[in-house]
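Chemist: Sequence and computational prediction follow.
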Amino acid sequence: MGYTTSAAIMLAAGIGIPILAALNASLGRHLGSPASAAVVLFIVAFAAALATALVTGPAPLARFATAPREGFLAGLFVAFYVLSITWVAPQFGVGNAVIFVLLGQMISFAVIDHFGLFGAAQHSLSLLRASGIGLMALGVVLTLKG
C-alpha cells in the first residue's frame, strides 16, 4: 500500500475518532449508561471486524491460539478508550476529550517509535522530530484556549 493511500486511510480514521466519541456519548446518554453504550459499540465493531476477516480470508484467524499474549492487551486499550471517552465526553466536551487523547497519542507514539516497541519500526527521536511533536502539542494546547 502506498504512502498516499495509507495517509488517506489514517486521515479518515482520525476524522472518525471525534465522530465515534460524539455518537457513543450520545448513545450513552440515551441509554443512561456509558458502559452499555460501549457494549453496543463493541457488538457492532465485532460484527464489522468479523465480516471483514471472513471476506478477506479467515485463515489468519486460525493462528489466534499461537499469537503473542501481549497482543491481546490491545483490546483492553480499546475498551478503556471507548469507555473513557463515552463517560467523559458528555461533561468535558468531545473536543476537550479528543484533544487530550491527541496529547496522549503524541507522547505514546514518540516513545514507541523511538524504542521500536511492540515490533514497530524504530524512528529515533531527533531534535527535528521532537520539535515537530512539540509544535503539534502546542497546537493542541492552543486549541483548548480557543
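Modeler: Sure thing, it's come through. Residues are numbered from 1 along each chain as shown.
Chemist: The closest residue to Ala121 other than its chain neighbours: what's it in contact with?
Modeler: Closest residue in space to Ala121, ignoring its immediate chain neighbours: Asp113 at 7.3 Å, by CB to CB, 6 or more residues apart in numbering. Placement of C-beta: from N, CA and C, glycine included. Contact analysis of Asp113 by CB atoms under 8 Å, 6 or more residues apart in numbering lists Ala120, Ala121, Gln122, His123, Leu125.
Chemist: any chance you could read off phi and psi for the last one?
Modeler: Yep, that's Leu125 we're talking about. Taking degrees, to the nearest 10, you get phi -80, psi 90 for the backbone angles of Leu125.
Chemist: pLDDT value on it, please?
Modeler: With respect to pLDDT, Leu125 scores 92.
Chemist: quick revisit: report the buried residues of the helix or strand harbouring the residue nearest to Ala121.
Modeler: Assigning secondary structure by DSSP states H and E places Asp113 in helix 94-115. Buried residues in helix 94-115, counting neighbours by 16 or more other CB atoms under 10 Å, are found at Val94, Ala97, Val98, Ile99, Phe100, Val101, Leu102, Met106, Ala110, Ile112, Asp113, His114.
Chemist: how far is the lengthiest helix in the chain from where the chain is centred?
Modeler: If you go by DSSP state H, the chain has its longest helix at helix 3-31. Distance of helix 3-31 from the chain centroid (CA atoms, centre = their mean, to the nearest Å) equals 9 Å.
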